[in-house]
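>>> Generate coordinates for the sequence data below:
(one chain, ligands or ions: 1)
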Amino acid sequence: VCRLHSDDGAHVLGRSPVVTVMGHVDHGKTSLLDALRQTSLAAKEAGGITQHLGAFVVGMQSGASITFLDTPGHAAFSAMRARGAAVTDIVVLVVAADDGVMPQTLEAMSHAKAANVPIVVAVNKCDKPDANPERVRVQLATEGLSLEEMGGDVQVVEVSAVNKVGLDKLEDALLLQAELMDLKARIDGPAQAYVVEARLDKGRGPLATAIVKAGTLVCGQHVVVGAEWGRIRSIRDMARKVIAQARPAMPVEIEGLKGLPMAGDDIVVVESEERARMLSEGRKKKFEKDRLTKLEE
Ligand code: GDP
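From the prediction side, this is the model:
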């Protein structure tokens, strides 16, 4: 499946933001992701049909794009962070306009703060008769968020995930936030990447959705992924099109691993199969030792 492709002269280039959606249970994280996913490039190409692959890309008319991690909630964010995977650039904090700020809203705020990741607030369910976005603003400000309309830098966008209202405004706000952050990545050289989701396919074996942080991941390369290893047999974009290589912030599905990695696992490119096996064995031993130490504690 590998298509050879050489690409020279690559340096440091701007890249798309990678966004995670967080917020209190039932405030509409899943609904918002569903609505955004329907505007994704893959959905457009597939006539609205999309699969859950752990990430999707929304493209703008301007040519800019946003990568969304398709796993809502704090557990995923924390698990990734615990494994050292700082993939998220921006957190969308979903707050229901009727419910207002709740315990997990505050938890999400502290997660984002600890990870030094800026927040864009999506006040959701604005279609509801008892929606009160103003109250949400006051609550957030009271909790220490420095809102834009009060001279701060946190943008607040009113949306309705169910009625698909305000999604374009939210996307614009994310792009503006990304612009302020001046996100860049080295694109030449070996890739440094992370797994955001992994699953076992009956025919194709272990499949991992990965996001490159820096460098370029190329089909045919030997890799160590967490404690697993393999050789990349194919790279596909989120529309399932086979591509030769993956660049920073672009989610891709990789095939060719010998075992199933976990979300948050890092992907390291090595020069040979022998080296991949060796590193994988070493890591398996270390992970097992860490597990036993943890059990003893
Ligand atoms: P999550 O737990 O944060 O992922 O929340 P869900 O996306 O599962 O939504 C919880 C409930 O709120 C569901 O019944 C949704 O249909 C409803 N909901 C989500 N977004 C909206 C919205 O914009 N307007 C209204 N009226 N209901 C919504």
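>>> can you tell me which residues contact the residue nearest the centre of the chain?
Central residue of the chain (CA atoms, centre = their mean): Leu69, 3.2 Å from the mean position. When contacts are counted by CB atoms under 8 Å, 6 or more residues apart in numbering, Leu69 touches Val18, Val19, Thr20, Val21, Gly54, Ala55, Ala76, Val87, Thr88, Val196. (Each C-beta comes from the backbone N, C-alpha and C, glycine too.)
>>> Bridge partners for the second one, pull those for me.
Going back to what we said before, that points to Val19. Phe68, Ile90 (DSSP bridges).
>>> Please enumerate the strands of the stretch 1-150 of the chain.
In the stretch 1-150 of the chain, the strands defined using DSSP state E, counting those that start in this stretch lie at 12-14, 18-23, 55-59, 65-69, 90-96, 119-124.
>>> interface residues of the stretch 1-150 of the chain facing the ligand?
Within the stretch 1-150 of the chain, the positions adjacent to the ligand are 23, 25-31, 72, 124-125, 127-128 by CB under 6 Å from any ligand atom.
>>> Which ones among these lie within helices?
Among these, the ones falling in helices (DSSP state H) are Lys29, Thr30, Ser31.
>>> Show me which of the residues of the stretch 1-150 of the chain next to the ligand are buried.
Gly23, His27, Gly28, Lys29, Thr30, Ser31, Pro72, Asn124, Lys125 (16 or more other CB atoms under 10 Å).
>>> Need the max-distance pair from these.
Pro72 and Lys125 (15.3 Å; CB to CB).
>>> Leaving out chain neighbours, which residue sits closest to Met22?
Ala108 (3.8 Å; CB to CB, 6 or more residues apart in numbering).
>>> what about that neighbour, neighbour count?
27 (other CB atoms under 10 Å).
>>> Could you check the pLDDT of Gly144?
pLDDT for Gly144: 95.
>>> ditto for Asn163
Confidence at Asn163, expressed as pLDDT, is 97.
>>> Distance-wise, check the residue nearest to it when sequence neighbours are not counted relative to Asp98.
Excluding the flanking residues, the one nearest Asn163 by CB to CB, 6+ apart is Asp127, at 5.0 Å. Asp127 sits 10 Å away from Asp98, taking CB to CB, to the nearest Å as the criterion.
>>> Helices of the stretch 101-250 of the chain, start to end?
In the stretch 101-250 of the chain, the helices defined using DSSP state H, counting those that start in this stretch lie at 103-114, 133-142, 167-181.
>>> okay, the contacts of Leu69 in CSV with pLDDT next?
Below are the contacts of Leu69 laid out as CSV (pLDDT from 0 to 100):
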residue, pLDDT
Val18, 95
Val19, 95
Thr20, 93
Val21, 94
Gly54, 90
Ala55, 93
Ala76, 68
Val87, 86
Thr88, 91
Val196, 91
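>>> Name the nearest of those relative to the ligand.
Taking CB to the nearest ligand atom as the measure, Val21 is the one of the contacts of Leu69 closest to the ligand, at 8.3 Å.
>>> and the closest one, how many neighbours?
25.
>>> Quick check: the gap between Ala46 and Leu53.
12 Å.
>>> thinking again about what came up before, and of the strands of the stretch 1-150 of the chain, who's closest to Ile254?
Among the strands of the stretch 1-150 of the chain, if distance is taken as CB to CB, the winner is strand 55-59, at 12.5 Å.
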